[in-house]
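Trainee: got a sequence here, can you model it:
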Amino acid sequence: MSLVRLKIKGISYSQTQNGAYALILNEVDGDRKLPIVIGAFEAQSIAIALEKEIKPPRPLTHDLFKNFSDRFDIVVKQVIIHKLVDGVFYSSIICERDKIEEIVDARTSDAIALALRFDAPIFTYKTILDKAGIFLKFSSKDKDKEEGDDSIVVDEILQEGETVEIDSGSAAPYKELSLDELHKELDKAVANEDYEKAAKLRDEISKRN
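Mentor: Here you go, the predicted model:
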(Lines give C-alpha, C1' and ligand atoms only; values in the text may rest on other atoms or scores of the structure.)
Protein backbone atom coordinates (compact mmCIF):
# COMPACT_ATOMS: atom_id res chain seq x y z
CA MET A 1 0.00 0.00 0.00
CA SER A 2 1.26 3.45 -0.89
CA LEU A 3 1.99 6.03 1.80
CA VAL A 4 0.84 9.65 1.60
CA ARG A 5 2.74 12.32 3.50
CA LEU A 6 0.69 14.69 5.65
CA LYS A 7 1.32 18.08 7.19
CA ILE A 8 -0.56 19.79 10.00
CA LYS A 9 -3.10 22.30 8.74
CA GLY A 10 -4.34 23.50 12.11
CA ILE A 11 -6.35 22.81 15.25
CA SER A 12 -9.86 23.92 16.11
CA TYR A 13 -12.21 23.37 19.03
CA SER A 14 -15.84 22.47 19.40
CA GLN A 15 -18.27 25.26 20.21
CA THR A 16 -20.77 22.84 21.79
CA GLN A 17 -18.77 19.86 23.09
CA ASN A 18 -16.45 20.80 25.93
CA GLY A 19 -12.94 19.41 25.53
CA ALA A 20 -13.41 18.29 21.91
CA TYR A 21 -10.78 19.45 19.42
CA ALA A 22 -10.04 18.62 15.81
CA LEU A 23 -6.58 18.23 14.35
CA ILE A 24 -6.62 18.87 10.60
CA LEU A 25 -3.94 17.14 8.52
CA ASN A 26 -3.42 18.06 4.88
CA GLU A 27 -1.91 15.79 2.23
CA VAL A 28 1.35 17.35 1.03
CA ASP A 29 0.75 16.81 -2.68
CA GLY A 30 -3.01 17.28 -2.74
CA ASP A 31 -6.03 19.15 -1.40
CA ARG A 32 -7.64 16.57 0.86
CA LYS A 33 -7.74 17.04 4.61
CA LEU A 34 -7.82 14.36 7.28
CA PRO A 35 -9.73 15.55 10.38
CA ILE A 36 -8.96 13.75 13.65
CA VAL A 37 -10.85 14.48 16.89
CA ILE A 38 -8.43 14.73 19.83
CA GLY A 39 -8.49 15.67 23.51
CA ALA A 40 -7.77 19.07 25.03
CA PHE A 41 -4.38 18.14 26.52
CA GLU A 42 -3.10 16.69 23.26
CA ALA A 43 -4.43 19.70 21.34
CA GLN A 44 -2.55 22.03 23.66
CA SER A 45 0.63 19.98 23.37
CA ILE A 46 0.48 19.99 19.56
CA ALA A 47 -0.31 23.72 19.46
CA ILE A 48 2.68 24.48 21.69
CA ALA A 49 4.97 22.40 19.50
CA LEU A 50 3.71 24.27 16.42
CA GLU A 51 4.21 27.68 17.97
CA LYS A 52 7.87 28.18 18.85
CA GLU A 53 7.10 31.37 20.79
CA ILE A 54 5.24 29.43 23.47
CA LYS A 55 7.79 28.12 25.97
CA PRO A 56 6.24 26.19 28.89
CA PRO A 57 8.04 26.90 32.18
CA ARG A 58 8.08 23.16 32.85
CA PRO A 59 8.19 20.26 30.36
CA LEU A 60 4.88 18.78 29.27
CA THR A 61 4.50 15.01 29.01
CA HIS A 62 5.54 14.95 25.35
CA ASP A 63 8.51 17.22 26.09
CA LEU A 64 9.55 14.81 28.84
CA PHE A 65 9.36 11.90 26.39
CA LYS A 66 11.54 13.86 23.97
CA ASN A 67 14.09 14.65 26.69
CA PHE A 68 14.09 11.01 27.81
CA SER A 69 14.59 9.79 24.24
CA ASP A 70 17.43 12.23 23.64
CA ARG A 71 19.17 11.06 26.80
CA PHE A 72 19.08 7.44 25.62
CA ASP A 73 19.73 8.15 21.93
CA ILE A 74 16.27 7.15 20.74
CA VAL A 75 15.10 8.87 17.57
CA VAL A 76 11.56 8.99 16.18
CA LYS A 77 12.00 8.48 12.44
CA GLN A 78 8.39 8.77 11.32
CA VAL A 79 4.76 8.33 12.31
CA ILE A 80 2.30 6.28 10.27
CA ILE A 81 -1.47 6.47 10.70
CA HIS A 82 -2.05 2.89 9.64
CA LYS A 83 -5.63 1.95 10.52
CA LEU A 84 -9.12 3.44 10.81
CA VAL A 85 -11.75 1.43 12.67
CA ASP A 86 -15.17 2.82 13.69
CA GLY A 87 -13.91 6.38 13.38
CA VAL A 88 -10.80 5.76 15.50
CA PHE A 89 -7.36 6.27 13.94
CA TYR A 90 -4.50 3.97 14.95
CA SER A 91 -0.87 5.00 14.60
CA SER A 92 2.63 3.60 14.84
CA ILE A 93 5.77 5.44 15.90
CA ILE A 94 8.84 4.23 14.04
CA CYS A 95 11.83 4.61 16.37
CA GLU A 96 15.52 3.86 16.02
CA ARG A 97 18.27 3.24 18.57
CA ASP A 98 21.74 1.89 17.80
CA LYS A 99 20.59 1.37 14.19
CA ILE A 100 17.86 -0.97 15.38
CA GLU A 101 14.35 -0.01 14.31
CA GLU A 102 11.35 -0.53 16.58
CA ILE A 103 7.65 0.04 15.97
CA VAL A 104 5.60 1.38 18.89
CA ASP A 105 1.80 1.50 18.95
CA ALA A 106 0.39 4.90 19.98
CA ARG A 107 -2.68 7.07 19.97
CA THR A 108 -2.59 9.27 16.89
CA SER A 109 -2.66 12.50 18.91
CA ASP A 110 0.34 11.41 21.01
CA ALA A 111 2.20 10.18 17.94
CA ILE A 112 1.78 13.52 16.16
CA ALA A 113 2.75 15.52 19.26
CA LEU A 114 5.99 13.51 19.33
CA ALA A 115 6.55 13.73 15.56
CA LEU A 116 6.54 17.51 15.85
CA ARG A 117 9.14 17.47 18.60
CA PHE A 118 11.41 15.16 16.60
CA ASP A 119 10.77 16.89 13.27
CA ALA A 120 9.62 13.51 12.01
CA PRO A 121 7.37 13.15 8.95
CA ILE A 122 3.75 12.00 9.28
CA PHE A 123 2.24 9.52 6.82
CA THR A 124 -0.97 7.64 6.24
CA TYR A 125 -2.00 5.05 3.69
CA LYS A 126 -3.80 6.15 0.54
CA THR A 127 -6.69 3.82 1.38
CA ILE A 128 -7.29 5.66 4.67
CA LEU A 129 -7.16 9.06 2.99
CA ASP A 130 -9.55 7.82 0.30
CA LYS A 131 -11.95 6.72 3.04
CA ALA A 132 -11.71 9.60 5.52
CA GLY A 133 -10.23 12.50 3.56
CA ILE A 134 -12.41 15.54 2.93
CA PHE A 135 -12.33 18.74 0.88
CA LEU A 136 -13.04 21.78 3.05
CA LYS A 137 -15.69 24.14 1.76
CA PHE A 138 -15.85 27.85 2.57
CA SER A 139 -19.14 29.16 3.86
CA SER A 140 -20.58 32.20 2.06
CA LYS A 141 -19.45 34.64 4.76
CA ASP A 142 -15.85 33.43 4.46
CA LYS A 143 -15.54 32.82 0.73
CA ASP A 144 -13.22 35.78 0.23
CA LYS A 145 -10.77 34.66 2.91
CA GLU A 146 -7.54 32.80 2.31
CA GLU A 147 -7.65 29.13 3.15
CA GLY A 148 -4.86 29.58 5.68
CA ASP A 149 -7.22 31.74 7.78
CA ASP A 150 -9.57 28.90 8.60
CA SER A 151 -10.87 27.37 11.78
CA ILE A 152 -12.69 24.09 11.44
CA VAL A 153 -15.89 23.45 13.36
CA VAL A 154 -15.43 20.17 15.23
CA ASP A 155 -19.17 19.66 15.59
CA GLU A 156 -19.55 19.37 11.81
CA ILE A 157 -16.61 16.97 11.55
CA LEU A 158 -18.36 14.72 14.06
CA GLN A 159 -21.41 14.50 11.78
CA GLU A 160 -20.41 11.81 9.34
CA GLY A 161 -21.02 12.56 5.71
CA GLU A 162 -21.47 16.31 6.05
CA THR A 163 -19.20 18.86 4.40
CA VAL A 164 -17.01 20.77 6.83
CA GLU A 165 -17.23 24.52 6.48
CA ILE A 166 -14.96 27.31 7.60
CA ASP A 167 -15.75 29.12 10.83
CA SER A 168 -14.05 32.38 11.69
CA GLY A 169 -15.34 32.86 15.20
CA SER A 170 -13.09 30.65 17.34
CA ALA A 171 -10.80 33.50 18.39
CA ALA A 172 -13.56 36.13 18.63
CA PRO A 173 -12.87 37.14 22.28
CA TYR A 174 -9.40 38.36 21.26
CA LYS A 175 -10.24 40.23 18.07
CA GLU A 176 -10.56 43.54 19.90
CA LEU A 177 -7.03 43.31 21.34
CA SER A 178 -4.05 44.94 19.68
CA LEU A 179 -1.09 42.80 18.59
CA ASP A 180 0.95 44.08 21.53
CA GLU A 181 -1.86 43.22 23.94
CA LEU A 182 -2.16 39.75 22.39
CA HIS A 183 1.55 39.08 22.99
CA LYS A 184 1.24 40.24 26.60
CA GLU A 185 -1.78 37.99 27.15
CA LEU A 186 0.12 35.11 25.53
CA ASP A 187 3.07 35.57 27.90
CA LYS A 188 0.68 35.70 30.84
CA ALA A 189 -1.18 32.55 29.76
CA VAL A 190 2.07 30.61 29.37
CA ALA A 191 3.31 31.78 32.77
CA ASN A 192 0.04 30.56 34.29
CA GLU A 193 0.30 27.28 32.33
CA ASP A 194 -3.06 28.00 30.69
CA TYR A 195 -2.07 26.41 27.40
CA GLU A 196 -5.59 26.26 25.99
CA LYS A 197 -5.85 30.05 26.20
CA ALA A 198 -2.29 30.35 24.89
CA ALA A 199 -3.17 28.25 21.85
CA LYS A 200 -6.16 30.46 21.02
CA LEU A 201 -4.08 33.61 21.44
CA ARG A 202 -1.41 32.11 19.23
CA ASP A 203 -4.03 31.43 16.53
CA GLU A 204 -5.18 35.06 16.62
CA ILE A 205 -1.59 36.35 16.47
CA SER A 206 -0.86 34.08 13.49
CA LYS A 207 -3.84 35.53 11.62
CA ARG A 208 -2.49 39.06 12.09
CA ASN A 209 1.04 38.26 10.86
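Trainee: for residue 60, see how far away residue 80 is.
Mentor: Using Cβ to Cβ, to the nearest Å, residue 80 is found at 23 Å from residue 60. All C-beta atoms are positioned from the backbone trio N, CA, C, and that covers glycine.
Trainee: low pLDDT regions in this structure?
Mentor: Judged against pLDDT under 70, the low-scoring parts of the chain cover residues 1, 14-19, 53, 136-173, 196.
Trainee: 80 - rerun?
Mentor: 1, 12-20, 51-56, 135-176, 190-209 (pLDDT under 80).
Trainee: hey, where'd the helices end up in it?
Mentor: Applying DSSP state H to the chain gives helices spanning 40-50, 61-71, 108-118, 126-132, 154-157, 179-191, 195-208.
Trainee: centre-most residue in this protein?
Mentor: Closest residue to the average C-alpha location of the chain: residue 23 at 4.2 Å, with Cα atoms, centre = their mean.
Trainee: verify the stated contact: that one with residue 38.
Mentor: Yes: here residue 23 reaches residue 38: they are 5.2 Å apart, a contact under Cβ atoms under 8 Å.
Trainee: which residues do these two both contact?
Mentor: Common contacts of residue 23 and residue 38 (Cβ atoms under 8 Å, 6 or more residues apart in numbering): 46, 109.
Trainee: just checking, residue 90 touches residue 105?
Mentor: Yes: using Cβ under 8 Å, residue 90 makes contact with residue 105 at a distance of 7.4 Å.
Trainee: pick out whichever of those two has more residues nearby.
Mentor: Using other Cβ atoms under 10 Å, the more surrounded residue of residue 90 and residue 105 is residue 90, with 16 against 10.
Trainee: show me the contacts for that one.
Mentor: Neighbouring residues of residue 90 by Cβ under 8 Å, 6+ apart: 81-84, 105, 108.
Trainee: among these, list the two that are farthest apart in space.
Mentor: The two members of the contacts of residue 90 with the most space between them (Cβ to Cβ) are 84 and 105, at 14.8 Å.
Trainee: and the residue nearest to residue 49 when sequence neighbours are not counted, how far from residue 180?
Mentor: Spatial nearest neighbour of residue 49, excluding adjacent residues (Cβ to Cβ, 6 or more residues apart in numbering): residue 116 at 3.8 Å. Going from residue 116 to residue 180 by Cβ to Cβ gives 28 Å.
Trainee: between these two, point out the one with more neighbours.
Mentor: Taking neighbours as other Cβ under 10 Å, residue 116 and residue 180 compare with residue 116 leading, 21 against 8.
Trainee: and the more buried one, what does it touch?
Mentor: Residue 116 touches 8, 46, 49-50, counting by Cβ under 8 Å, 6+ apart.
Trainee: got those residues as a markdown table, with neighbour count and distance to residue 192 columns?
Mentor: Shown next, in a markdown table, are the contacts of residue 116 (neighbours: other Cβ atoms under 10 Å; distance: Cβ to Cβ, whole Å):
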| residue | neighbour count | distance to residue 192 |
| --- | --- | --- |
| 8 | 17 | 26 |
| 46 | 26 | 20 |
| 49 | 21 | 19 |
| 50 | 16 | 20 |
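Trainee: can you lay out those as TSV showing distance to residue 204?
Mentor: TSV is the format used below for the contacts of residue 116 (distance: Cβ to Cβ, whole Å):
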residue	distance to residue 204
8	18
46	17
49	18
50	14
